[in-house]
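Peer 1: I'll drop the sequence and a predicted model, then ask my questions.
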Amino acid sequence: MGKVTPTKSSSEKEADQVKQEKMISINAKKQEQEEEKKKKSNLENAAMAAPYFPFHSRPGIR
């Protein structure tokens, strides 16, 4: 015999739909953030990762 699952009330169905919509919106936001990261050029990514040293603060250079 197959499994018998209890039927959900309409309020439970609505709650499930709300949860699904929230998950979809969260996933969409994550995808947008990933796309923005991909749009940056290699030069921009390297500039963000490289430390900033003002010219006059390096030892040995006057």
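Peer 2: Structure's in. What do you need?
Peer 1: where in the chain is pLDDT low?
Peer 2: Within the chain, the segments meeting pLDDT under 70 span 1-2, 4, 6, 8, 54-62.
Peer 1: for it, what spans make up the helices?
Peer 2: Under the criterion DSSP state H, the chain carries helices at the ranges 10-39, 42-49.
Peer 1: can you state the direction angle for the shortest one and helix 10-39?
Peer 2: It refers to helix 42-49. 100 degrees (axes from the mean of the first three to the mean of the last three C-alpha atoms, to 10 degrees).
Peer 1: can you tell me which of the helices of the chain comes nearest to residue 3?
Peer 2: Closest to residue 3 of the helices of the chain is helix 10-39 (C-beta to C-beta; 18.1 Å). No exception for glycine: its C-beta is placed from N, CA and C like everyone else's.
Peer 1: Off-centre distance for that closest one?
Peer 2: In terms of C-alpha atoms, centre = their mean, to the nearest Å, the centre of helix 10-39 is set 11 Å apart from its chain centre.
Peer 1: Stretch 36-48 now?
Peer 2: Counting by C-alpha atoms, centre = their mean, stretch 36-48 comes out at 16 Å from the chain centroid.
Peer 1: re the thing from before, and the helices of the chain as CSV, adding distance to residue 3 and mean neighbour count?
Peer 2: Supplementary listing: those in CSV, determined by distance: least, C-beta to C-beta, whole Å; neighbours: other C-beta atoms under 10 Å:
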stretch, distance to residue 3, mean neighbour count
helix 10-39, 18, 10
helix 42-49, 51, 9
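Peer 1: For residue 36, see how far away residue 21 is.
Peer 2: 23 Å (C-beta to C-beta, to the nearest Å).
Peer 1: Check residue 30 too.
Peer 2: Separation of residue 30 from residue 36 (C-beta to C-beta): 11 Å.
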